[in-house]
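Chemist: Prediction below, plus the sequence it came from.
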Amino acid sequence: MKKRPRFSKEEDKKFVDTLKLYPLNLSNAFDEASKELGRSRLSLKNRYYRTLRSMDENKVVSCGSESGFSINTKNKCRNADGVLPNQNLQSIGIIISHYSNLPLQYKQKVLEFLTLN
């Protein structure tokens, strides 16, 4: 069995940067990072779920929290033509859209969090 090289800090940083470009579509982020880093999609997926997701500095990448706000980040959000939108430029719009669709109890939790920080 071929021994796989460990992930370097530079690879982790590039991978996290790619994840931040597609915060609502981890599947697409894994595909893009695979092309950029020359790693298999599966190895990147495992790296994210086993290591990177739980690190404090990567919490911004996650689309959910322990308090319950969550969406399925594995779905590919494509338009009618099957094209993935560039979510990097739409980040604030995406956040506002998801906030406006939250139940009142979660909106209050978000506001409490923002006023404490």
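Modeler: Great, that's in hand.
Chemist: drop to CA atoms for contacts and neighbour counts, all remaining ones
Modeler: Noted.
Chemist: May I ask you to confirm that Ser95 belongs to a helix?
Modeler: Heads up, residue 95 is Ile, not Ser. Yes. Applying DSSP: H, G, I helix; E, B strand; the rest coil, one finds Ile95 inside a helix.
Chemist: Can you give me the neighbour number for it?
Modeler: 10 (other Cα atoms under 10 Å).
Chemist: ok, now how distant is it from Ser40?
Modeler: 30 Å (Cα to Cα, to the nearest Å).
Chemist: residues in contact with the least confident helix or strand in the chain by mean pLDDT?
Modeler: For the chain, counting by mean pLDDT, DSSP states H and E, helix 91-100 ranks last in confidence among helices and strands (a mean of 73). If you take Cα atoms under 8 Å, 6 or more residues apart in numbering as the criterion, helix 91-100 is touched by Lys107.
Chemist: Now the element after that helix, going C-ward?
Modeler: Following helix 91-100 in sequence order, the next helix or strand is helix 104-116 (DSSP states H and E).
Chemist: Extract the C-alpha set from that following helix and format it as PDB.
Modeler: This file holds the C-alpha atoms of helix 104-116, laid out as PDB (Å, rounded to 0.1, in the frame of the first residue of the first chain):
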ATOM      1  CA  LEU A 104     -37.900  33.900  15.500                       C
ATOM      2  CA  GLN A 105     -36.200  32.000  18.300                       C
ATOM      3  CA  TYR A 106     -33.000  31.600  16.200                       C
ATOM      4  CA  LYS A 107     -33.100  35.200  15.000                       C
ATOM      5  CA  GLN A 108     -33.100  36.200  18.700                       C
ATOM      6  CA  LYS A 109     -30.100  33.900  19.400                       C
ATOM      7  CA  VAL A 110     -28.200  35.500  16.500                       C
ATOM      8  CA  LEU A 111     -29.000  39.000  17.800                       C
ATOM      9  CA  GLU A 112     -28.000  38.000  21.400                       C
ATOM     10  CA  PHE A 113     -24.700  36.600  20.100                       C
ATOM     11  CA  LEU A 114     -24.000  39.700  18.000                       C
ATOM     12  CA  THR A 115     -24.700  42.100  20.900                       C
ATOM     13  CA  LEU A 116     -22.400  40.200  23.200                       C
END
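Chemist: Please determine how far Lys14 is located from Glu36.
Modeler: Distance from Lys14 to Glu36, counting by Cα to Cα: 9 Å.
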